[in-house]
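Asker: would you be able to build a 3D model of this:
(chains A and B)
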Amino acid sequence: MKDHIAQIVGDALHALKAELPDLEVPISVAVERTRDPKHGDFASNVAMALAKKAGLPPRALAEKIVGALPDNDAIDSVQIAGPGFINFTLARGQAQALVFQILDAGERYGQSNTGQGEKVLVEFVSANPTGPLHVGHGRHAAYGECVSALLKATGHDVTKEYYVNDAGRQMDILAASVWLRYLEHAGETVPFPANGYRGDYIKTIAAGLHNSEGDALRHAADAVVSGLPADEADGGDKDAYIDAVIARARDLLGDDAYERVHRTGLDAILDDIRDDLAGFGVTMDAYFSERSLTGDGTVDKALERLADHDNTFEQDGAVWFKATRYGDDKDRVVVRANGQRTYIASDIAYHLDKRLRGFDRLLDILGSDHHGYVARVRAGLEAMGQPGDSLEVQLMQFVSLFRNGEKVAMTTRGGQFVTLRELRDEVGNDAARFFYVLRSNDQHLDFDLDLAKSKREENPVYYVQYAHARICQMLEKLPEQQLTHDESRARENIARLEQDKELALIKTLARYPEQVAIAARDRAPQTIVHYLRELSADLHSFYNDRNCRVIIDDHALRDARVALVRATRQVLRNGLGLLGVSAPARM
RNA sequence: GCCCCGGUAGCUCAGUUGGAUAGAGCAUCAGAUUCCUAAUCUGAGGGUCAGAGGUUCGAAUCCUCUUCGGGGCACCA
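Answerer: I've put the predicted structure just below:
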């Protein structure tokens, strides 16, 4: 309907062109839903926007536009108001027809094809596989999953991917940590490095390793620690110490055994992450290994491409990428003096690989602490002949947990939970998914645990779910009371929905497809959350109105109202589905 | 020093990409249940949209400056 009005206003403008040569007809005419029912159903501000160029006062231009509007059965009246708004009021019965559009479309109501099949790679979470996911990653997971669902709903071809940082020093520290815990488990007494991973999950992995390998990886404690530099506790440098431990592990174990330890740690943690995400309703299409980029020559290929375009140079024994040519603030090392590639080399290669796999848009969801990384990767893409704007980055601000009104310490010490799994256990998946997308991604999130757990009225998750359950319960009442629902009779009588609460509900239902489109465009799931709260409020308000009771003797009106609440239920389901929150039939 | 994000009601935050009288939840106060689930509803109070300029018919929204808060500026990832 909105598009239809924009169309006829556009037609009117074209018709006026003969009379007003200075009039500029815009490509798309702005038509908005009115907030105040006194302003009709839809309003356009074109007269104000075009008045100056047309050489007429806004209201006078509005008069001319209204005069040039073609006759239209769907529109009851057109009025000029305020500084020059043109307000449209729909004909009686027009709005109500929407109820059956929704019921006919079912779960497709709200979907569109604005994306036109654009191939989008959404990369999110991508947490280093050195331990379980924490509550910060949970926000990334919920947001990424929801944005992906929104993009799919608007006709994008979406692939969800987790980039596994399985190369590099972090993973060596993990391997060393596992091995040391393994040695302890085998009965050796070795000090644990200040910079090692201290979590209990390492001990679990080590115990499993001991189980499968027996004492094959065991070396005497003396051989392990002799000649190592001092750790932090002894006044030394913790980084130098852990590096020495890693070197010692490689030396004593040999490449094959070291690799087994490395793999065991990585696989165990990645399995845990995958399981955690699946339990949270977040499913990746692929887990992409950083190591594979080196193994299959993708990194070399990327480095060659940079060199081909004269975008690299050597200095101090290292190879540098001239990132400043492409808008970065500094040039970046891609190959260190010791011959190792830096992470930025892998990242550039990874993004090149995404492009070579045919993705139009590379959507990265990253922590706000990664913002400096954006210019680097974009520079890399451009230097390799790829469009820089194919990379889009959404930065996520941090999460703070609150319990009893106080901020929960987020350090790994202290026994306060920090993992996503613990959060899910405590508040449930529905509340977690809902709360995580409640706020804009560039807004810091205060996660109130007590509120999320509360089964009372102040909890917004229940407010929406309750609206859905209420409808289900009403519909179950029909057969219980030997009442039938006749859909064709409902179609004939739908125009009998004329109560204020009914019309308000229909108006909100009509907005859903636009809300989905906006949410997808802006990568803003909170738009859907806010919409669902409004829709639920309209439903509850309708429900509490004595003039709007559904279970009544008047067949015709009852059928119309049943159709209305069924349409509402459908939209609640569709919206909750986008958020990954369940729609219970009873509560 | 440079870069990114934010500052809207007592609190937590929306604000449809510049529109009509700036909204919601919580909290506070006053009400509603012989009647489809009160996890609900109805109503009231509550604002210098951080501050100052600018752009224009019109600014919370766009531009500039100031200020406060978070984050980032490695041959770590």
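Asker: residue boundaries of the strands in the stretch 101-250 of chain A?
Answerer: A:119-123, A:157-164 (DSSP state E, counting those that start in this stretch).
Asker: so which of these comes closest to RNA strand B?
Answerer: Closest approach to RNA strand B among the strands of the stretch 101-250 of chain A is made by strand A:157-164 (9.5 Å; CB to the nearest atom of the strand). To be clear about C-beta, it is placed using only N, CA and C from the backbone, and glycine gets the same treatment.
Asker: average pLDDT for that closest one?
Answerer: Mean pLDDT, strand A:157-164: 96.
Asker: on contacts alone, who are the packing partners of it?
Answerer: The helices and strands touching strand A:157-164, judged by 3 or more CB pairs under 8 Å, 6 or more residues apart in numbering; DSSP states H and E, are strand A:119-123, helix A:135-153, strand A:286-289.
Asker: quickly check: the last one near RNA strand B or not.
Answerer: Just to be clear, that refers to strand A:286-289. No - using CB under 7 Å from any atom of the strand, strand A:286-289 stays clear of RNA strand B, coming no nearer than 11.6 Å.
Asker: thinking again about what came up before, hey, which of the helices and strands packed on strand A:157-164 is tucked in deepest?
Answerer: helix A:135-153 (a mean of 24; mean count of other CB atoms under 10 Å).
Asker: as a markdown table, the strands of the stretch 101-250 of chain A with distance to residue A:87 would be great.
Answerer: As requested, the strands of the stretch 101-250 of chain A are exported to a markdown table (distance: least, CB to CB, whole Å):
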| stretch | distance to residue A:87 |
| --- | --- |
| strand A:119-123 | 38 |
| strand A:157-164 | 39 |
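Asker: circling back to that earlier point, tell me which of the helices and strands packed on strand A:157-164 lies nearest to residue A:442.
Answerer: Residue A:442 lies closest to helix A:135-153 among these, at 11.1 Å (CB to CB).
Asker: does RNA strand B have contacts with that closest one?
Answerer: No - using CB under 7 Å from any atom of the strand, helix A:135-153 stays clear of RNA strand B, with a minimum separation of 11.6 Å.
Asker: what's near enough to touch the residue in the stretch 151-300 of chain A that RNA strand B sits nearest to?
Answerer: Using CB to the nearest atom of the strand, the closest approach of the stretch 151-300 of chain A to RNA strand B is made by residue A:168 at 3.2 Å. Neighbouring residues of residue A:168 by CB atoms under 8 Å, 6 or more residues apart in numbering: A:290, A:343.
Asker: what pLDDT does it get?
Answerer: At residue A:168, pLDDT is 85.
Asker: circling back: and residue A:80, which of the helices and strands packed on strand A:157-164 is closest to it?
Answerer: Evaluated with CB to CB, the helices and strands packed on strand A:157-164 place helix A:135-153 nearest to residue A:80, the distance being 37.1 Å.
Asker: now the angle from that closest one to strand A:157-164?
Answerer: 160 degrees (axes from the mean of the first three to the mean of the last three CA atoms, to 10 degrees).
Asker: average model confidence for helix A:135-153?
Answerer: On average, helix A:135-153 scores 95.
Asker: for stretch A:255-274, same thing?
Answerer: pLDDT averaged over stretch A:255-274 gives 96.
Asker: quick one: that stretch to chain centroid distance?
Answerer: 29 Å (CA atoms, centre = their mean, to the nearest Å).
Asker: same question for stretch A:307-321.
Answerer: 37 Å.
Asker: and stretch A:185-202, by the same measure?
Answerer: 37 Å.
Asker: lowest-pLDDT helix or strand in chain A?
Answerer: Across the helices and strands of chain A, mean pLDDT, DSSP states H and E gives its lowest value to strand A:406-407, namely a mean of 77.
Asker: check whether that strand contacts RNA strand B.
Answerer: No - figure legend: strand A:406-407 not in contact with RNA strand B (CB under 7 Å from any atom of the strand); closest approach 10.8 Å.
Asker: tell me which other helices or strands the next helix or strand after that strand touches.
Answerer: Counting by DSSP states H and E, the element after strand A:406-407 in chain order, helix or strand, is helix A:420-427. For helix A:420-427, the packing partners by 3+ CB pairs under 8 Å, 6+ apart come out as helix A:135-153, helix A:238-279, helix A:429-436, helix A:449-453.
Asker: relative to residue A:380, which of the ones you listed is closest?
Answerer: Closest among the helices and strands packed on helix A:420-427, once you apply CB to CB, is helix A:135-153, at 22.4 Å.
Asker: hang on, residue A:86 in a strand?
Answerer: Yes - counting by DSSP: H, G, I helix; E, B strand; the rest coil, residue A:86 is part of a strand.
Asker: for it, which non-adjacent residue is closest in space?
Answerer: Excluding the flanking residues, the one nearest residue A:86 by CB to CB, 6 or more residues apart in numbering is residue A:44, at 4.8 Å.
Asker: how near is the one you found to RNA strand B?
Answerer: Taking CB to the nearest atom of the strand, to the nearest Å as the criterion, residue A:44 is separated from RNA strand B by 8 Å.
Asker: residues near that residue, how many?
Answerer: Using other CB atoms under 10 Å, residue A:44 has 22 neighbouring residues.
Asker: centre of the chain versus the least confident helix or strand of chain A, how much separation?
Answerer: Using CA atoms, centre = their mean, the offset of strand A:406-407 from its chain centre is 26 Å.
Asker: same question for stretch A:226-233.
Answerer: Offset of stretch A:226-233 from its chain centre (CA atoms, centre = their mean): 45 Å.
Asker: and that stretch, end to end?
Answerer: 17 Å (CA to CA, to the nearest Å).
Asker: thinking again about what came up before, got the phi/psi numbers for the residue of the stretch 151-300 of chain A closest to RNA strand B?
Answerer: When read as degrees, to the nearest 10, the backbone of residue A:168 gives phi 100, psi 180.
Asker: before we move on, what about residue A:334?
Answerer: Residue A:334 adopts backbone torsions of phi -110, psi -30, taken as degrees, to the nearest 10.
Asker: make sure it is actually in contact with residue A:314.
Answerer: No - under the criterion of CB atoms under 8 Å, residue A:334 makes no contact with residue A:314, lying 10.8 Å away.
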